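Engineer: Using only what follows, build the 3D model:
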Amino acid sequence: MGIDISAINSIQNEYAEHLKKAQVRTPEAVREQGTSPKDGPAGELEAAAADVQIFLKRLNAELRFEVDGELNEVLVKIVDPETNEVIRQIPAEELITIRKRMKELVGVLYRNNT
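Structural biologist: Below is the predicted model:
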């Protein structure tokens, strides 16, 4: 199965724009618009995620959110639902590996200095 990487990049950019819009809204701006803070950034983020899910279904892909237990960091994965193959991961697996290794090294350095 071939998925157009440029389409995935477009999704990533669109998702980043939705995140920016969701983060820009202050509680004062939310009150001025007459919506509750609960519906504010969290609601916009959910709407953005739903929009991305719809777009990905057309590409026969799905968006998955996972938490890396060791780093306590959210991972966003675009996955082929038929094969469960990860098409794109944010942050990249290599970066996760580097962060875990750095965490180990900091622990070793800290133990040696005490």
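Engineer: How about the helix or strand harbouring residue 104, which residues are buried there?
Structural biologist: If you go by DSSP states H and E, residue 104 is part of helix 93-112. By neighbour count on 16 or more other C-beta atoms under 10 Å, the buried set for helix 93-112 is residue 96. Heads up, the C-betas are built off the backbone N, CA and C, glycines and all.
Engineer: now for that helix, which elements pack on it?
Structural biologist: strand 73-80 (3 or more C-beta pairs under 8 Å, 6 or more residues apart in numbering; DSSP states H and E).
Engineer: that older thread, give me the mean pLDDT for the helix holding residue 104.
Structural biologist: Helix 93-112 shows a mean pLDDT of 87.
Engineer: For that helix, C-alpha coordinates in PDB please.
Structural biologist: Provided in PDB are the C-alpha atoms of helix 93-112 (Å, rounded to 0.1, in the frame of the first residue of the first chain):
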ATOM      1  CA  GLU A  93      11.500   6.700  17.200                       C
ATOM      2  CA  GLU A  94      15.200   7.700  16.900                       C
ATOM      3  CA  LEU A  95      14.600  10.800  19.000                       C
ATOM      4  CA  ILE A  96      12.800   8.700  21.700                       C
ATOM      5  CA  THR A  97      15.800   6.300  21.800                       C
ATOM      6  CA  ILE A  98      18.200   9.200  22.200                       C
ATOM      7  CA  ARG A  99      16.200  10.700  25.000                       C
ATOM      8  CA  LYS A 100      16.000   7.400  26.800                       C
ATOM      9  CA  ARG A 101      19.800   6.900  26.500                       C
ATOM     10  CA  MET A 102      20.400  10.500  27.700                       C
ATOM     11  CA  LYS A 103      18.200   9.800  30.700                       C
ATOM     12  CA  GLU A 104      20.300   6.700  31.500                       C
ATOM     13  CA  LEU A 105      23.500   8.700  31.200                       C
ATOM     14  CA  VAL A 106      22.300  11.400  33.400                       C
ATOM     15  CA  GLY A 107      21.400   8.800  36.000                       C
ATOM     16  CA  VAL A 108      24.900   7.200  35.700                       C
ATOM     17  CA  LEU A 109      26.700  10.600  36.000                       C
ATOM     18  CA  TYR A 110      24.500  11.600  39.000                       C
ATOM     19  CA  ARG A 111      25.200   8.300  40.800                       C
ATOM     20  CA  ASN A 112      29.000   8.600  40.200                       C
END
